[in-house]
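> After the sequence you'll find the predicted model.
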Amino acid sequence: TNAVNQIRVVGSATIVEEAKVREFMMLRGVSTELYARIQKFFKIHSGMKRRVREQDIVFFARMPETLLIELHKEIYLPCLFMYPGFEYFSSSDRNFFKRLCHKAMSERFLVQHDCLF
């Protein structure tokens, strides 16, 4: 029963959000063509489950920075090593790469046809 109630809450939140989008578009005179494209995108992506992001986890803000540095290194270093040269240079300065992973890298989730830059 709790799961059913959660589904109802999510469903009603989606309906409310869709109504807000419709009102926003109408009040601003957005073309029918663009509105249809946005509405299609909304219908496809509003029901998708979003991945949990680091900033969604409040506990991480209370964790010691040393643990966060290690977490970021384990998450991001393998991504860096996919590019030629990074693994080679990492052997010369491991601390630089730990700092790079901790300070300069983050996750960004895109949907198909989103522009990264």
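Arrived safely, thanks for sending. Residues are numbered from 1 along each chain as shown.
> and the residue lying farthest from the centre of the chain, helix, strand or coil?
If you look at how far each residue of the chain sits from its centre, by CA atoms, centre = their mean, the farthest one is Ser92, at 32.4 Å. For Ser92, the assignment made with DSSP: H, G, I helix; E, B strand; the rest coil gives coil.
> Per-residue pLDDT of it, please?
At Ser92, the model reports a pLDDT of 75.
> what helix or strand is Lys98 on?
helix 94-104 (DSSP states H and E).
> Which other helices and strands does the helix or strand where Lys73 lies contact?
Using DSSP H and E, Lys73 sits within helix 65-80. In terms of contacts (3 or more CB pairs under 8 Å, 6 or more residues apart in numbering; DSSP states H and E), helix 65-80 is packed against helix 86-90, helix 94-104. The C-beta positions use only the backbone N, C-alpha and C, and glycine is treated the same way.
> hey, least reliable of those helices by pLDDT?
helix 86-90 (a mean of 75).
> and the helix holding Lys73, what's its mean pLDDT?
The pLDDT scores in helix 65-80 average 93.
> So what angle separates the directions of it and helix 94-104?
Using axes from the mean of the first three to the mean of the last three CA atoms, to 10 degrees, the direction of helix 65-80 lies 100 degrees away from that of helix 94-104.
> Look at Ser106 and tell me its secondary structure.
Under three-state DSSP, Ser106 falls in the coil class.
> for it, what are its contacts?
Contacts for Ser106 (CB atoms under 8 Å, 6 or more residues apart in numbering) come out as Glu54.
> correct me, but Phe109 touches Gln55?
No. Judged on CB atoms under 8 Å, Phe109 makes no contact with Gln55 at a distance of 11.9 Å.
> What's the mean pLDDT across the helix or strand containing Leu34?
Here Leu34 is covered by helix 32-45, with elements defined by DSSP H and E. When the per-residue pLDDT values of helix 32-45 are averaged, the result is 87.
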